[in-house]
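S.K.: Turn this into a model:
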Amino acid sequence: MFEDQLLKVATGLAFIVPGIFLLRWFLNRSSGSPEEWAEYHIRILQQKHASGEIDDETYQTRLKELQDE
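M.R.: Next up is the predicted model:
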């Protein structure tokens, strides 16, 4: 009986663990490098500043935060 439960657990882990690795790989692949991520968010920040959604002080603060990462 214990061997049957152990076999079920091992079989479940055989599917779950590779699934986690595949999901992690897919999410990392689609997000790009940290530099690309920062450039994308800087462009959005510039657009918000240009349209007047955020003021100069907020723009400078967030820009500095993004460049420090």
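S.K.: so what are the domain limits for the chain?
M.R.: Domain assignment of the chain by automatic domain parsing yields the ranges 1-31, 33-69.
S.K.: can you put these in a markdown table and add mean neighbour count?
M.R.: The C-beta positions use only the backbone N, C-alpha and C, and glycine is treated the same way. Listed next are these as a markdown table, based on neighbours: other CB atoms under 10 Å:
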| stretch | mean neighbour count |
| --- | --- |
| domain 1-31 | 9 |
| domain 33-69 | 12 |
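S.K.: next SSE after the host helix or strand of Lys8?
M.R.: Assessed by DSSP states H and E, Lys8 sits inside helix 2-31. Downstream of helix 2-31, the next assigned helix or strand under DSSP H and E is helix 34-51.
S.K.: and that following helix, C-alpha only, in PDB?
M.R.: Extracted in PDB, the C-alpha atoms of helix 34-51 (Å, rounded to 0.1, in the frame of the first residue of the first chain):
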ATOM      1  CA  PRO A  34      16.500  43.500 -17.900                       C
ATOM      2  CA  GLU A  35      17.800  46.100 -20.300                       C
ATOM      3  CA  GLU A  36      14.900  45.700 -22.700                       C
ATOM      4  CA  TRP A  37      12.500  45.700 -19.800                       C
ATOM      5  CA  ALA A  38      13.900  49.000 -18.500                       C
ATOM      6  CA  GLU A  39      13.900  50.600 -22.000                       C
ATOM      7  CA  TYR A  40      10.300  49.700 -22.500                       C
ATOM      8  CA  HIS A  41       9.200  51.200 -19.200                       C
ATOM      9  CA  ILE A  42      11.300  54.400 -19.800                       C
ATOM     10  CA  ARG A  43       9.500  54.800 -23.100                       C
ATOM     11  CA  ILE A  44       6.100  54.500 -21.400                       C
ATOM     12  CA  LEU A  45       7.300  57.000 -18.700                       C
ATOM     13  CA  GLN A  46       8.400  59.400 -21.400                       C
ATOM     14  CA  GLN A  47       5.000  59.100 -23.100                       C
ATOM     15  CA  LYS A  48       3.200  59.800 -19.800                       C
ATOM     16  CA  HIS A  49       5.400  62.800 -19.100                       C
ATOM     17  CA  ALA A  50       4.800  64.200 -22.700                       C
ATOM     18  CA  SER A  51       1.100  63.800 -22.400                       C
END
